[in-house]
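A.B. asks: structure, please.
(2 chains)
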Amino acid sequence: MKPLNVLLVEDDEPLASSIAMALRQAGWQVEITARGEQFAPTLQSERFDVAILDVNLPGIDGFEAMKRARLAGVTTPILLLTARDAVEDRVFGLEGGADDYLLKPFAVAELVARLRVLVRRHERPTGHVLEHGPLRLDPAGHSASAGAQPLDLSHRERAILELLMVNEGRVVGKDAIASVLSDQTAVSDNAVEVYVFRLRSKLEPSGVRIRTVRGFGYMLEPWRAPAP
Amino acid sequence: MSSFDFVGAAAHQLRTPLARLTTELEVALSAARDAQADQAALARLKTTVDHLSRLVQQLLALAKSDPKLGAEIAFADVDLKDVVLDRGVEWVPRAIAGDVDLGFDAQSAPVRGNAQLLGEALVNLIDNALRYGARRVTVRTAQRDGRSELEVEDDGSGVAPQDRERMFQRFVRGAAAQADGSGLGLPIVRQIVELHDGQVSLHDGVQGGLRVLVSLPACGRDPSTTRTTSA
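C.D. replies: Modelled structure (predicted):
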């Protein structure tokens, strides 16, 4: 798989280097800049898979940098880093064109997981094959496999699996699952439970786990290789 | 506690982890060591820094919810159900990583309040439950007798009845407290709840742990507010 390209805008030099080091360890390519002014032009002239943008920057701040990039037609997914946690800031951030945000201080593992989700979501329409441990799902080719074994999944089971894989490690509500299933007829919570139950029993031999979040929905657990 | 006493107590709380950091770093820098010892030292540093981060976050929450310290707090119509589904669900991956079953029973519970502060109260309650050995935590919201209620119930170590009132005092910690507890979780919850003209109380959990009940005046817009909802 080709390495992902990440643009990191962060003026705190020690923080920027340690984020970059962690992302490079994950096999990604990282370009760092300290100024918001360069954000939009850089994203326009070079191709990045995802951008990390600090809110509190000297000169124009992260919100303004993001606004300029979106006005310039940049569609790259953006994750905001912020130390401010006022609700207004959050809404403003997401409405202003951010795809996700993290509050400082954050765990680097969390940052990496969020970036993966953003890239997957963004890349999806191109018929990208999704992978999770031994599991492979090809949404365009309507096929799935676990290791060497093809998985016999119904259309709806595949749709649920795709949604869970795209959001690996994040909770997906039953309503979100129902909305990808309801092509014509509405799908009840009970029906969602039945589909997930069937999908889960088909995935079980491969060690892939779908956790139930009582009263809310489901989460595909991040893949952990079984102990030898 | 006056704000002067509070600042003093807060500074004192920050000193201990800072002292740990200083000592650890001095030792690490002073001698030739093997990679294994360095790895262990780094893990301890990480724990201490996490503790400091949380302490700072909690001090900030106390300051932001204290009108005496000049906090400007805007109220709006808020449904506790939305607060739970928005902020509570964020904790699920962490709970699952620690093999804790964090679940929800969120019914509509409208109040007049500040969603961010109510969310802060909620995450302190969930954080407490996860910290004190719970395997199963349930967050509920509902309307009952003209009140909007938020409840966090766990099956952890619980708090003895005679210790419950003390748990709301700043920097006081329970018998089962872990080394990285701050003694600020429940004081933050109480300050935020009182700001909303509500009450918070501690009860036995059904499975032996703790049940924290937050009761707020229901906001009257919804006609169902006057009706008693069955639990």
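A.B. asks: hey, let's count contacts and neighbours off CA atoms from now on
C.D. replies: Will do.
A.B. asks: how about the contacts made by residue A:225?
C.D. replies: Contacts for residue A:225 (C-alpha atoms under 8 Å, 6 or more residues apart in numbering or on different chains) come out as residue A:133.
A.B. asks: can you report phi and psi for residue 154?
C.D. replies: I'll assume chain A. Taking degrees, to the nearest 10, you get phi -70, psi 170 for the backbone angles of residue A:154.
A.B. asks: chain B is the one I meant
C.D. replies: phi -130, psi 170.
A.B. asks: how much space separates it from chain A?
C.D. replies: 14 Å (C-alpha to the nearest C-alpha, to the nearest Å).
A.B. asks: give me the pLDDT value at that residue.
C.D. replies: In this model, residue B:154 is scored at 95, pLDDT.
A.B. asks: ok, residue B:127 to residue B:134 distance?
C.D. replies: In this view, residue B:127 and residue B:134 are 10 Å apart by C-alpha to C-alpha, to the nearest Å.
A.B. asks: higher neighbour count, these two?
C.D. replies: Shown here are residue B:127 and residue B:134; by other C-alpha atoms under 10 Å in any protein chain shown, residue B:134 has more neighbours (22 against 15).
A.B. asks: okay, the more buried one: pLDDT?
C.D. replies: For residue B:134, pLDDT reads 90.
A.B. asks: can I assume it is in contact with residue B:153?
C.D. replies: No - contact criterion C-alpha atoms under 8 Å: residue B:134 and residue B:153 do not qualify, at 9.4 Å.
A.B. asks: which neighbours do those two have in common?
C.D. replies: Common neighbours of residue B:134 and residue B:153 (C-alpha under 8 Å, 6+ apart) are residue B:209.
A.B. asks: got the residues of chain A near chain B?
C.D. replies: A:86-87, A:105, A:169-171, A:213-216 (C-alpha under 8 Å from any C-alpha of the partner chain).
A.B. asks: and which of those residues is nearest residue A:200?
C.D. replies: residue A:213 (14.1 Å; C-alpha to C-alpha).
A.B. asks: surely that closest one touches residue B:105?
C.D. replies: No - here residue A:213 does not reach residue B:105: they are 10.5 Å apart, not a contact under C-alpha under 8 Å.
A.B. asks: and the two? which has more neighbours close in?
C.D. replies: residue A:213 (21 against 16).
A.B. asks: what pLDDT does the model give the more buried one?
C.D. replies: For residue A:213, the predicted pLDDT is 95.
A.B. asks: across the sheet, point out what pairs with it.
C.D. replies: residue A:217 (DSSP bridges).
A.B. asks: for the chain, what spans make up the strands?
C.D. replies: Looking at chain A here, since you left the chain open. In chain A, the segments counted as strands under DSSP state E are A:5-9, A:29-33, A:50-54, A:78-82, A:100-103, A:130-132, A:135-138, A:143-146, A:149-151, A:171-173, A:210-213, A:217-220.
A.B. asks: wait, chain B
C.D. replies: Going by DSSP E, chain B shows strands at B:76-79, B:101-106, B:110-113, B:136-144, B:147-154, B:199-204, B:210-217.
A.B. asks: which stretch among these comes nearest residue B:29?
C.D. replies: Short answer: strand B:101-106, nearest of those by C-alpha to C-alpha, at 42.0 Å.
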